[in-house]
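**Q** got a sequence here, can you build the structure:
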Amino acid sequence: MPAQNPVSRRRFLEIAGAATTTAAVSAESYARVIGANDRIRIGFIGAGGMAGNHMNTYNRLKEENNLQAIAIADCWKTRAEAGAAKIEATHTLTDYRPILDMKDIDYVTIATPEHQHAHMTLEALDAGKAVYCEKPLTHTIPEALAVMKKQTETGLPVQVGVQGMSDDSYSSARDAIKEGIIGQVVQAQIEYVRRYGDQGLFRNPSINDDTPKPADLDWNAWLGPAEKTEWNPHHYFEWRNYAAYSGGIATDLFIHRITRIMKALDLLYPRRVVGMGGIWQWPEHRDLPDSLEMICEYPRGMTVYVLGTQGNRVGIDHLIRGYRGTLYFTPEGWVAKDKDGKVLGEHKKTGAEDTVLHHTNLHNHMRNGEELNCPVKLGVAGVTAVVMANESWRTGQMMGWDGENKKMVPCHTQKHNPYPEQDS
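**A** From the prediction side, this is the model:
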């Protein structure tokens with residue numbers, strides 16, 4: 001799999017000019033950027049819930065990191081205007097596409113429902129923009145592979161919004177595990193559990209079947225590539241419950257957790273995945289499970305288990321099991337112990353799950369080539385695992401990975417190999 005190589009801001013601007021004639025960076029605009037003390041200019045796509053966190057992050061960093069908000073777009077005009085006022089953006093739009101035509105924008109932040117991520121990211125890369133895309137990277141596996149291909153072609157930075165990757169516990173664990181601190185790894189486990197109230201998972205109690213469409217909301221623009229349908233307030237306000245727009249627990253929650261294990265173990269595509277759960281507690285207005293578990297088996301000879309109970313918040317230890325010992329992730333970092341409890345090693349983290357650190361990492365990557373904390377390669381690996389889990393749940397079949405054709409297939413079509421092999 002091709003790696004995402006860091007590029008300096010100067011090289012980033014050169015690539016952006018060469019990558020596409022529609023977004024060529026002119027000598028005049030390049031001089032303006034450098035003349036403005038290396039200021040980074042941002043376009044915001046989406047002004048809803050998670051987008052608000054990115055706006056708060058921008059306001060916190062704009063002086064320290066020398067940033068400028070050029071434009072913000074949201075298909076709900078009221079939201080776009082509120083967002084523009086919050087970050088003092090120069091332009092307020094209800095269509096994101098003009099943002100991609102603005103030559104003075106260096107990168108865009110995409111914080112929209114999942115079904116919009118892929119085409120917006122692809123269009124942004126075609127337009128010569130770097131991208132910060134909220135998790136998951138895309139809604140489907142083919143979309144993720146298309147984004148990785150485009151990123152490789154353009155060389156432009158793409159930071160995937162799994163902010164936990166700005167906690168250095170996982171890169172530190174990766175180095176220690178490679179050095180053999182816990183021996184051969186055989187299993188890992190992690191969870192994302194919550195206990196929702198009576199309204200249920202991903203539900204807004206203020207929304208009902210008769211909630212009207214805001215007069216200044218472009219519903220068709222919000223649907224984007226999804227199947228066209230009449231206004232549905234549950235779809236708009238509670239979109240994480242519907243497979244047309246989201247992967248629910250797997251893509252909204254599990255992606256935060258399994259990506260941590262993937263980074264710590266350099267995992268890519270699973271050999272096979274099973275997802276189990278159901279719509280057991282809150283059956284109204286959803287076609288995705290309200291309780292989910294998944295197990296992934298990886299070619300090197302190990303499994304990863306993820307628990308996702310949403311009606312009980314009692315969790316399980318986040319850990320990686322090896323032949324010599326076990327590495328436990330803690331709020332402070334990690335500690336590795338042998339079977340008798342003897343400490344084999346430990347790490348006190350210096351980062352955190354934080355949008356400030358994650359955006360700053362992208363800024364540093366653009367300016368001086370600092371390695372991205374969550375590049376496309378890792379984003380694609382995460383999407384692959386959680387999408388396979390959802391498909392297993394949906395079909396009642398274990399899903400396998402066809403490495404030659406880079407797609408998921410039912411396991412009954414795939415010959416099982418019980419022996420470890422190289423990841424592919």
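
**Q** quick one, phi psi at residue 346?
**A** Here is the backbone geometry of residue 346 (degrees, to the nearest 10): phi -160, psi 170.

**Q** mind listing what it touches?
**A** Contact partners of residue 346, counting by Cβ atoms under 8 Å, 6 or more residues apart in numbering, are 333, 334, 335, 336. For glycine as for every other residue, the C-beta is placed from the backbone atoms N, C-alpha and C.

**Q** does the third one touch residue 328 like I think?
**A** What that stands for is residue 335. Yes. Checked against Cβ atoms under 8 Å, the pair residue 335 and residue 328 is within contact range at 5.5 Å.

**Q** how does the protein divide into domains?
**A** With automatic domain parsing as the criterion, the domains of the chain are listed as 9-156, 167-199+246-350+376-413.

**Q** quick one: end-to-end distance for the longest one.
**A** Taking Cα to Cα, to the nearest Å, the first and last residues of domain 167-199+246-350+376-413 lie 39 Å apart.

**Q** which stretch in the domains of the chain has the least confidence?
**A** In terms of average pLDDT, domain 9-156 trails the rest of these, at a mean of 86.

**Q** distance from that domain to the middle of the chain?
**A** Per Cα atoms, centre = their mean, to the nearest Å, the displacement of domain 9-156 from the mean C-alpha position of its chain is 16 Å.

**Q** circling back to that earlier point, dump the domains of the chain to JSON lines, plus distance to residue 358.
**A** Shown next, in JSON lines, are those (distance: least, Cβ to Cβ, whole Å):
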{"stretch": "domain 9-156", "distance to residue 358": "8"}
{"stretch": "domain 167-199+246-350+376-413", "distance to residue 358": "10"}
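
**Q** one step back: would CSV of the contacts of residue 346 with secondary structure be doable?
**A** Written out in CSV, the entries for these read as follows (DSSP: H, G, I helix; E, B strand; the rest coil):
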residue, secondary structure
333, strand
334, strand
335, strand
336, strand
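
**Q** which of those residues sit farthest apart?
**A** Of all pairs drawn from those, the greatest distance, 10.8 Å, lies between 333 and 336 (Cβ to Cβ).

**Q** which one of those two is surrounded by more residues?
**A** Relative neighbour count places residue 336 above the other of residue 333 and residue 336, with 23 against 18, counting by other Cβ atoms under 10 Å.

**Q** beta-bridge partners for the more buried one, please?
**A** Counting by DSSP bridges, residue 336 forms beta bridges with residue 327, residue 345.

**Q** quick one: contacts for it?
**A** So residue 336 contacts 176, 181, 182, 325, 326, 327, 328, 343, 344, 345, 346 (Cβ under 8 Å, 6+ apart).

**Q** coming back round to it: going by distance to residue 103, which of the contacts of residue 346 wins?
**A** residue 333 (43.1 Å).

**Q** for residue 192, which non-adjacent residue is closest in space?
**A** Taking Cβ to Cβ, 6 or more residues apart in numbering as the measure, residue 192 lies nearest to residue 253, with 4.1 Å between them; neighbours along the chain are not counted.

**Q** can you pull out the helices in the protein?
**A** With DSSP state H as the definition, the chain shows helices at residue ranges 9-19, 27-35, 49-61, 77-87, 97-101, 117-126, 141-154, 169-178, 219-223, 233-237, 255-265, 355-368, 376-395.

**Q** ok so, going back, closest to residue 274 out of the contacts of residue 346?
**A** Using Cβ to Cβ, the shortest approach to residue 274 within those belongs to residue 334, at 27.4 Å.

**Q** distance of the closest one from residue 347?
**A** Residue 334 sits 5 Å away from residue 347 when distances are taken as Cβ to Cβ, to the nearest Å.

**Q** which residues are common contacts for the two?
**A** By Cβ under 8 Å, 6+ apart, residue 334 and residue 347 have these common neighbours: 169, 172, 173.

**Q** which one (most neighbours) among those residues?
**A** Across the shared contacts of residue 334 and residue 347, the neighbour count under other Cβ under 10 Å reaches its highest value at residue 169, namely 27 neighbours.

**Q** surely it touches residue 347?
**A** Yes. Taking contacts as Cβ under 8 Å, residue 169 lies within contact range of residue 347: 6.3 Å.

**Q** show me what contacts the residue nearest to residue 184 when sequence neighbours are not counted?
**A** Nearest residue to residue 184, sequence neighbours excluded (Cβ to Cβ, 6+ apart): residue 323, at 4.6 Å. When the contact criterion is Cβ under 8 Å, 6+ apart, the partners of residue 323 are 182, 183, 184, 186.

**Q** now residue 323: how far from residue 186?
**A** If you measure residue 323 against residue 186 using Cβ to Cβ, the figure is 7 Å.

**Q** go on, residue 105?
**A** When Cβ to Cβ is the yardstick, residue 105 and residue 186 sit 47 Å from each other.

**Q** looking at these two, which is more packed in?
**A** residue 105 (25 against 13).

**Q** against residue 204, how distant is the closest residue to that one other than its chain neighbours?
**A** Closest residue to residue 105 apart from its sequence neighbours, by Cβ to Cβ, 6+ apart: residue 43 at 4.4 Å. Remark: distance between residue 43 and residue 204 (Cβ to Cβ) = 28 Å.

**Q** now do the end-to-end distance for stretch 70-81.
**A** Start and end residues of stretch 70-81 are separated by 13 Å (Cα to Cα).

**Q** list the contacts of it.
**A** Outside stretch 70-81, the residues within contact range by Cβ under 8 Å, 6+ apart are 41-48, 51, 83-84, 87, 89-96, 98-99, 102, 104-105, 214, 216-219, 221-222.
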